[in-house]
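K.L.:
Dropping the sequence and predicted coords here.
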Amino acid sequence: MPLDHEQQGRTINRRGLIVLGGTAVGLSVLGARLFHLQITEGRHYRTEAKRNQTDFEVLLPKRGAILDARGYKIADSIAEYDLVLLEEFNDLETARLEETLKQLNLDPETESLFTDRILSRHQRPLPMLRNISSEQLERLEFHRPKLPKFSIRQQVRRQYYHPSYTPITGYVGRADKADRAKTPHALLEEFRVGKAGIEAQYEEALQGKVGKQSLKVDVHGKRLQEIERTNSQAGANIQLHLHGDLQKYAMQRIAEHRSATAVVLDAFSGGVVALASHPFYDANEFKKSLSQKAWKALQEDPLKPLVNKAISGLYAPGSTFKPIVALAALRAGIQPETRHFCGGHVTVGNARFHCWKKHGHGHMDMHQAIAQSCDVWFYQTARQIGIEAIAEMARTLGLGNKSGLDLDNEKAGLVPDTAWKKQKFNEPFYPGEVMIHGIGQGFLLTTPLQLARAYASIINGGILPTPALGHRLQYDKENLNIQTAPARQVNIPRSHFRIVRDALIDAVNVPSGTAWRSRIGEDWGFDMAGKTGTTQVRRISRSERAAGIRKEDIDWHLRDHALFTGFAPVHDPRYVVAVLVEHGVSGGRSAAPIARDLFYRMAQIGMIASSSLTADKA
């Protein structure tokens, strides 16, 4: 039966409502799904997208090695392992970590530092344990599930192969404000720059060039994929003039005294083959963070282990200065045959100036005065020629100025003259002051390296070399010789040098010479020459002298310094040795034997031709 219009309308409306309702439900479900996808899931995917971010990392270059003259490494960069914190801990995680730390058997100081770093606001990733030992590494791997926010990373760090090399190598340390201004990546925790020695002097060549890489990482800092990479370029190796074996022996030998220094210089090339200073710090101690207590102890140590005494120690040269005064006298027209009588002292006005030999040397000429170190002869000669002549010769031979050595903190010393005295004290140079400068005392200040350089010019015919440690830079594809300031020819007749050189030979090889006891044995096939020196730290009073008090009887820090500067072999001289023993009492007793033993060692290792290489001689 056909439906009337009213019934048909109701049927259509019901169907429409059903369709509309179904559509509404469908749209609601679709809207909810879209809301879930766009809002709820969108947040999740956006979070995941944020978590999988691109990270950029600077690739630090391998620092160049430092090599001795034979090519042996004395400093290099080696792989070590660190435990690194990737992200911050919440309170619960920190509490759990403290339990884990107890199982790692860390010492109390390290455990405390570990906890402090976790609570700190330092930028992550943050190194927590440096240079992990194999035992620690094994324990960390075992407890790794309990350390989800940590990573073990390989680092490249500086290694110094023997403490004896530290006076030359110096050390690397964290970049300071000035370093960061020059090098942006110096902000990195692991970045190190040269702070002293060769490390500082050749920083740019040794450092190399940084690289970079872009990485995809998750929220935990885990590396997922390398996107792009530019490799770093390793720094150049630097080869030195230094002979590693001789350097170690020199440090060992001077360590028999509380405080001493020694330099061995090639008189022709200027190459420094040994440069020792004792006591001295160990550069490896600066690889880790040195505690304030340890740093303060180094700074306040009265023996000054932070000072390289060979180039920064300033001392009166004593009688090692007498050959320079002799050259000044020859230039002033004093004849080598000029004689003065030494009765043990000379009196000027109310002052008495003593010779080291109590009862005197008798009549002395220049040759004898140098060989036997007669103070009276040099008192009289200095008085004759004056302070200006002495100062001029000293400066001619490099004293009073830095030598140009490629190490930091070299001191210039002091060569006083009339103008200096006037400016400093508003006084003239008095006759007595001139006289004591004639024996290397007074205001004179020199370094052992300066004395070695001056003696080099005496034996090489008047060439003043520029001392150098660096010899060549070794890059991947080429070697470059390191250029130093050119040697300077001094305006002194060779005949004058011969007069002084012959006297220095007799100072060691004639029984009346002050270094006779330290001569080299006949069976070695070569001889050394040189000059002893003793410089006053505190003047012996007249009453102490009358009482027979000896210098070795007074407190160590008040005793005289002992010096020796010499060369070998005498007939074909090549090397100069300068030795200073602080408070060593006498140059002949303390310093000359060290120089002799260094020459022995040079013969043993083939640096000096010898007819005997018996190992137990040195």
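P.N.:
Alright, I've got the coordinates.
K.L.:
Pull out the buried positions in the host helix or strand of Y379.
P.N.:
For Y379, the host element (DSSP states H and E) is helix 375-396. Residues of helix 375-396 classed as buried: 375-387, 389-394, 396 (neighbour count, 16 or more other Cβ atoms under 10 Å). Bear in mind the C-beta positions are built from the backbone N, C-alpha and C, glycine included.
K.L.:
can you check stretch 465-480 too?
P.N.:
Within stretch 465-480, the residues that qualify as buried are 465-471, 473-474, counting by 16+ other Cβ under 10 Å.
K.L.:
Find the pair from those residues with maximum spatial separation.
P.N.:
P465 and Q474 (23.6 Å; Cβ to Cβ).
K.L.:
Skipping its backbone neighbours, what lies nearest the residue most central in space within the chain in space?
P.N.:
Residue closest to the average C-alpha location in the chain (Cα atoms, centre = their mean): G170, at 2.5 Å. Closest residue to G170 apart from its sequence neighbours, by Cβ to Cβ, 6 or more residues apart in numbering: G197 at 2.1 Å.
K.L.:
Same check on L598?
P.N.:
V577 (5.3 Å).
K.L.:
wait, doesn't the one you found sit right on F567?
P.N.:
Yes - applying Cβ atoms under 8 Å, one finds V577 in contact with F567, separated by 7.3 Å.
K.L.:
More neighbours: which of those two?
P.N.:
Neighbours per residue (other Cβ atoms under 10 Å) separate V577 from F567, with V577 holding more: 30 against 26.
K.L.:
and the more buried one, what helix or strand is that in?
P.N.:
strand 575-581.
K.L.:
do G173 as well
P.N.:
Using DSSP H and E, G173 falls in strand 172-174.
K.L.:
Tell me who's in contact with the residue nearest to L598.
P.N.:
By Cβ atoms under 8 Å, 6 or more residues apart in numbering, the residues touching V577 are 262-265, 452, 530, 564-568, 595, 598-599.
K.L.:
and the residue nearest to G170, what does it touch?
P.N.:
G197 neighbours (Cβ under 8 Å, 6+ apart): 166-171, 407-408.
K.L.:
run the last query once more with 7 Å
P.N.:
In this structure, G197 makes contact with 168-170, 407, judged by Cβ atoms under 7 Å, 6 or more residues apart in numbering.
K.L.:
Determine which two of these are furthest apart.
P.N.:
The distance between the two most remote of the contacts of G197 (Cβ to Cβ) is 10.2 Å, for T169 and L407.
K.L.:
just for the stretch 451-600 of the chain, where's the confidence low?
P.N.:
Where the stretch 451-600 of the chain drops to pLDDT under 70, the residues are 540-549, 553.
K.L.:
So which residues of it form strands?
P.N.:
For the stretch 451-600 of the chain, applying DSSP state E, counting those that start in this stretch gives strands covering 463-464, 470-474, 479-481, 488-489, 529-535, 561-568, 575-581.
K.L.:
ditto for the stretch 101-250 of the chain
P.N.:
Counting by DSSP E, counting those that start in this stretch, the strands of the stretch 101-250 of the chain are 126-129, 150-160, 172-174, 192-194, 211-217, 223-230, 237-240.
K.L.:
I'd like the ones you listed written out as TSV, with mean neighbour count, distance to A65 and mean pLDDT added.
P.N.:
Below are those laid out as TSV (neighbours: other Cβ atoms under 10 Å; distance: least, Cβ to Cβ, whole Å; pLDDT from 0 to 100):
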stretch	mean neighbour count	distance to A65	mean pLDDT
strand 126-129	18	24	66
strand 150-160	17	10	77
strand 172-174	21	13	86
strand 192-194	22	13	87
strand 211-217	16	19	76
strand 223-230	12	23	72
strand 237-240	24	5	97
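K.L.:
With distance to N509 added, can I get those strands in JSON lines?
P.N.:
Shown next, in JSON lines, are the strands of the stretch 101-250 of the chain (distance: least, Cβ to Cβ, whole Å):
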{"stretch": "strand 126-129", "distance to N509": "60"}
{"stretch": "strand 150-160", "distance to N509": "40"}
{"stretch": "strand 172-174", "distance to N509": "46"}
{"stretch": "strand 192-194", "distance to N509": "44"}
{"stretch": "strand 211-217", "distance to N509": "61"}
{"stretch": "strand 223-230", "distance to N509": "64"}
{"stretch": "strand 237-240", "distance to N509": "33"}
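K.L.:
Where does pLDDT dip in the stretch 151-300 of the chain?
P.N.:
The stretch 151-300 of the chain contains residues with pLDDT under 70 at 151, 184-189, 219-226, 287-289.
K.L.:
chain center to stretch 63-70, what's the gap?
P.N.:
Chain-centre distance of stretch 63-70: 14 Å, with Cα atoms, centre = their mean, to the nearest Å.
K.L.:
In PDB, list the C-alpha atoms belonging to it.
P.N.:
The C-alpha atoms that make up stretch 63-70 are tabulated as PDB, following Å, rounded to 0.1, in the frame of the first residue of the first chain:
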ATOM      1  CA  ARG A  63      99.400  17.400  19.100                       C
ATOM      2  CA  GLY A  64     102.800  17.000  17.500                       C
ATOM      3  CA  ALA A  65     105.500  15.000  19.300                       C
ATOM      4  CA  ILE A  66     108.700  16.400  20.700                       C
ATOM      5  CA  LEU A  67     111.800  14.500  19.700                       C
ATOM      6  CA  ASP A  68     115.400  14.600  20.800                       C
ATOM      7  CA  ALA A  69     118.400  14.900  18.400                       C
ATOM      8  CA  ARG A  70     118.300  11.200  17.700                       C
END
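K.L.:
Which segments of this protein make up each domain?
P.N.:
The chain breaks down into these domains under automatic domain parsing: 52-83+153-239, 244-617.
K.L.:
Find the one among those with the highest mean neighbour count.
P.N.:
domain 244-617 (a mean of 20; mean count of other Cβ atoms under 10 Å).
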